[in-house]
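Visitor: Got a predicted model here, sequence first, then my questions.
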Amino acid sequence: MHHDVIALRDFYYTTSLGRAAQKALRDQCLTCWPDMSGKDVAGFGFAVPLLRPWLPKARRVIALMPAQQGVMHWPAEAANHSVLTEETSWPLATDSIDRLVMLHGLETCDRPAALLEEAARVLRMGGEALFILPNRSGMWARLDGTPFALGRPYSSGQIATLLRDHGFQMLDNRSALFFPPRNTRRWLRWAMWLERIGQRMARLRGGGVLVVRARRAESSPGNGLAIKNRRPLRILDGVAQPAGTRPAWREGGTPNHRGRHERSAAPVCGAQLPGFQAQVR
């Protein structure tokens with residue numbers, strides 16, 4: 001299942017719970033990357049609530065929204081920075097992005113391995129990515145009513161293995177959204193206080209989402225389609241002669257016009273068997 005862009009917009013921009021979640025996640029992004037001056041920044045999924053602080057200073061900010069989700073004009077009051085794209089084929093050049101934020105993208109993707117390899121492709125060498133994912137053991141992935149309840153939640157070990165196998169080196173793993181996903185004034189009044197308390201106990205991994213910072217690895221595994229073999233099988237060369245046997249041309253074959261030798265019309269090996277009569281048609 002995939003998110004709908006209208007439902008995501010309504011959650012983050014019209015509900016009190018969504019605004020509190022936006023504030024907590026944005027603080028985590030600013031802690032990881034405090035200065036984005038002159039950087040090329042991209043977001044995939046529905047990362048626009050987190051990209052806004054970097055619009056004035058970054059050299060370029062692009063919001064990539066998958067076709068299954070839909071796209072919206074962003075930011076509403078300025079020129080558009082969002083584009084509709086395929087999940088595993090982004091309209092970005094290789095080695096063109098310095099920072100990447102992925103929110104509501106990986107957990108609902110049909111091909112997470114191919115998505116990660118596409119993200120590694122567009123990142124420059126030394127570029128970093130921030131993956132915000134539902135925590136398998138957190139409350140936000142278990143209770144309906146938020147975008148983090150839809151899709152595939154991850155544990156710390158699962159996302160670490162997935163990133164390592166598909167072109168990334170994990171740098172940091174933290175949590176966020178320590179307050180319960182309740183859209184009531186009583187809980188939201190204490191939301192930021194609970195968030196600060198939870199950050200002090202981040203080792204418990206009790207937050208609703210995982211915030212994983214990773215760097216593009218020096219060697220990327222590719223998309224898995226190209227198979228390299230140091231000694232490839234050459235079909236046109238034929239099958240090698242077994243050890244201890246002589247080539248057919250030494251038994252009466254003659255070389256053809258390309259320099260290769262052909263067997264004679266009558267099978268020589270058959271003539272050596274008792275009672276066998278070669279038949280030439």
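Guide: Received, thanks.

Visitor: helix or strand for the residue positioned nearest the centre of the chain, which one?
Guide: The centre of the chain sits closest to residue 116, judged by Cα atoms, centre = their mean, with a distance of 1.4 Å. Following DSSP states H and E, one finds residue 116 within helix 112-122.

Visitor: Give me the helices and strands touching that helix, please.
Guide: For helix 112-122, the elements it packs on are strand 97-103, helix 156-165, judged by 3 or more Cβ pairs under 8 Å, 6 or more residues apart in numbering; DSSP states H and E. Heads up, the C-betas are built off the backbone N, CA and C, glycines and all.

Visitor: what comes up buried for that helix?
Guide: Residues of helix 112-122 classed as buried by neighbour count (16 or more other Cβ atoms under 10 Å): 112, 113, 114, 115, 116, 117, 118, 119, 120, 121, 122.

Visitor: Put together a markdown table for the residues you listed, with distance to residue 152 and pLDDT on each row.
Guide: As requested, the buried residues of helix 112-122 are arranged in a markdown table below (distance: Cβ to Cβ, whole Å; pLDDT from 0 to 100):
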| residue | distance to residue 152 | pLDDT |
| --- | --- | --- |
| 112 | 8 | 94 |
| 113 | 13 | 95 |
| 114 | 15 | 95 |
| 115 | 12 | 96 |
| 116 | 13 | 96 |
| 117 | 18 | 95 |
| 118 | 18 | 96 |
| 119 | 17 | 96 |
| 120 | 20 | 95 |
| 121 | 22 | 96 |
| 122 | 23 | 97 |
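
Visitor: so can I have a markdown table of those showing distance to residue 196?
Guide: Compiled in a markdown table, the buried residues of helix 112-122 are given as follows (distance: Cβ to Cβ, whole Å):
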| residue | distance to residue 196 |
| --- | --- |
| 112 | 32 |
| 113 | 36 |
| 114 | 38 |
| 115 | 33 |
| 116 | 32 |
| 117 | 37 |
| 118 | 36 |
| 119 | 31 |
| 120 | 34 |
| 121 | 37 |
| 122 | 34 |
